[in-house]
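Novice: just coords:
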């Protein structure tokens with residue numbers, strides 16, 4: 001899909017089908033996430049793909065925002081493996097994981113599927129239900145301090161999202177007033 005079309009057509013689809021995603025499509029989606037750039041290429045994230053009836057049931061207990069999905073991609077960030085800016089100590093693990101999640105969502109849309117970024121779920125309970133999401137070596141700190149859950153599946157409805165960013169018009173109206181400075 002052409003990039004401009006992809007970014008304009010992708011929307012948070014809140015009505016999904018629980019139809020299983022073909023392994024080939026899921027593989028391409030995960031490759032899109034893995035291709036995402038991260039600070040110093042440290043790749044401080046983990047991906048967990050949850051499918052099947054039991055996982056869908058557990059996810060519906062962890063969040064009310066499943067939207068009927070049959071596939072969940074959980075993105076975790078590990079601050080201990082991320083680049084940290086030395087000047088102020090900013091750890092960019094959540095930024096890296098967000099970039100990965102964005103690549104995943106674009107890959108999902110490119111595959112003709114829908115997705116929604118969900119941050120409202122019980123992360124501590126998720127770590128209890130899925131011990132793989134815990135740091136097994138230290139057994140103290142969870143591996144992922146930050147989680148994002150992407151629901152994905154066949155869309156019930158195709159088409160553009162009805163509400164676009166209201167600030168887009170404001171930005172376009174002021175484009176002629178932008179002053180850019182280039183350093184070379």
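Specialist: Sure thing, it's come through. As the structure is a computational prediction, the values presented were derived from the model and not from experiment.

Novice: longest helix in this protein, please.
Specialist: Counting by DSSP state H, the longest helix found in the chain is helix 93-110.

Novice: just how off-centre is that helix within its chain?
Specialist: Chain-centre distance of helix 93-110: 5 Å, with Cα atoms, centre = their mean, to the nearest Å.

Novice: other SSEs contacting it?
Specialist: helix 3-9, helix 23-34, strand 45-51, strand 71-77, strand 114-118, strand 146-153 (3 or more Cβ pairs under 8 Å, 6 or more residues apart in numbering; DSSP states H and E). C-beta here means a position set from N, CA and C on the backbone, and glycine is covered the same way.

Novice: let's see 6 Å
Specialist: If you count contacts as 3 or more Cβ pairs under 6 Å, 6 or more residues apart in numbering; DSSP states H and E, helix 93-110 packs onto helix 23-34, strand 45-51, strand 71-77, strand 146-153.

Novice: could I get those as a markdown table with mean pLDDT and distance to residue 102?
Specialist: Output for the helices and strands packed on helix 93-110, formatted as a markdown table (pLDDT from 0 to 100; distance: least, Cβ to Cβ, whole Å):
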| stretch | mean pLDDT | distance to residue 102 |
| --- | --- | --- |
| helix 23-34 | 93 | 9 |
| strand 45-51 | 88 | 12 |
| strand 71-77 | 88 | 10 |
| strand 146-153 | 60 | 10 |
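
Novice: now those as a markdown table including distance to residue 8 and mean neighbour count?
Specialist: Below are those laid out as a markdown table (distance: least, Cβ to Cβ, whole Å; neighbours: other Cβ atoms under 10 Å):
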| stretch | distance to residue 8 | mean neighbour count |
| --- | --- | --- |
| helix 23-34 | 18 | 16 |
| strand 45-51 | 26 | 18 |
| strand 71-77 | 23 | 24 |
| strand 146-153 | 19 | 23 |
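
Novice: turn those into JSON lines, columns for distance to residue 101.
Specialist: As requested, those are arranged in JSON lines below (distance: least, Cβ to Cβ, whole Å):
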{"stretch": "helix 23-34", "distance to residue 101": "7"}
{"stretch": "strand 45-51", "distance to residue 101": "9"}
{"stretch": "strand 71-77", "distance to residue 101": "5"}
{"stretch": "strand 146-153", "distance to residue 101": "5"}
